[in-house]
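J.: The sequence and its predicted three-dimensional model are supplied below.
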Amino acid sequence: MARETILIVDDEEDIIELIKYNLKNEGYDILTAFTGEQAIKIARKSLPDLIVLDLMLPGIDGLEVTKFLKNSAQTKDLPIVMLTAKGEESDIVTGLELGANDYISKPFSPKELLARIRAILRRRRKHALDDPPANIRQVGEMTIDRAKHVVTIQGEAVDLTLSEFELLSFLSDKKGWVFTRNQIMDAIHGENYAVTERSIDVIIVGLRKKLKSYASRIETVRGVGYRFKE
């Protein structure tokens, strides 16, 4: 299998060298860019398997880079991991809603970044090989049956509302991915549905109570949204 290529985008050379060193040791091919303009040019030309993208860039910032790449048919499917400074929760939410796949805050552990990258690339490879999503998803002793709209735990049916079922199905289909409340609302109700972000929190609270021992699978990402733990 050909080695996977990762594009690292940051205006700090020390950061690029740190990430490059750790990823090359794991067998990845590396491309680098120091500006948003360079990142877009390289991404369009080389189509890397994943982009590690700092949000604070001179000229075109990381959010604009994400927006450009996700709005282009050529690059819209490229996974993006955002590098963010602490306290940039609003930028994280914006980046995720623009189509970024995950984020990690500076200062970061290279091991954690590597784990995030591996997980995204693993899901990408699996998605490329998979048939359309299966009607039945198994998570330990919990079964989610899309066709019958039924969830069972150890063989016993869990009484979920339609919104709870759709939310659980959506998150479990994308294990490990962080979604904002707006993204979840659009996925389970559609873009024009009149519902507030607070409604998603209420649905989550009710769903967790009903899932009991599996409640911890739905993880709150503070200031951002939710994800289904792998």
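T.: Yes, it's here.

J.: which helices and strands sit right next to the top helix by length along the chain?
T.: Longest helix of the chain, by residue count under DSSP state H: helix 110-129. Counting contacts by 3 or more C-beta pairs under 8 Å, 6 or more residues apart in numbering; DSSP states H and E, helix 110-129 is packed against helix 13-25, strand 50-54, strand 80-85, strand 102-106. For the C-beta atoms, the positions are set from N, CA and C on the backbone; glycine is no exception.

J.: Which stretches in the chain count as helices?
T.: Using DSSP H, the helices assigned to the chain run over residues 13-25, 36-46, 62-70, 89-98, 110-129, 162-173, 181-189, 197-211.

J.: do you know which of those lies nearest Lys229?
T.: Nearest to Lys229, of all the helices of the chain, is helix 162-173, at 9.5 Å by C-beta to C-beta.

J.: Format the CA atom coordinates belonging to the closest one as PDB.
T.: C-alpha atoms of helix 162-173 as PDB (Å, rounded to 0.1, in the frame of the first residue of the first chain):
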ATOM      1  CA  LEU A 162     -37.500   9.800  17.200                       C
ATOM      2  CA  SER A 163     -35.100  12.700  17.900                       C
ATOM      3  CA  GLU A 164     -33.100  10.600  20.400                       C
ATOM      4  CA  PHE A 165     -32.900   7.700  18.000                       C
ATOM      5  CA  GLU A 166     -31.800   9.900  15.100                       C
ATOM      6  CA  LEU A 167     -29.200  11.700  17.200                       C
ATOM      7  CA  LEU A 168     -27.700   8.400  18.500                       C
ATOM      8  CA  SER A 169     -27.600   6.900  15.000                       C
ATOM      9  CA  PHE A 170     -25.900  10.000  13.600                       C
ATOM     10  CA  LEU A 171     -23.200  10.200  16.200                       C
ATOM     11  CA  SER A 172     -22.500   6.400  16.200                       C
ATOM     12  CA  ASP A 173     -22.100   6.400  12.500                       C
END
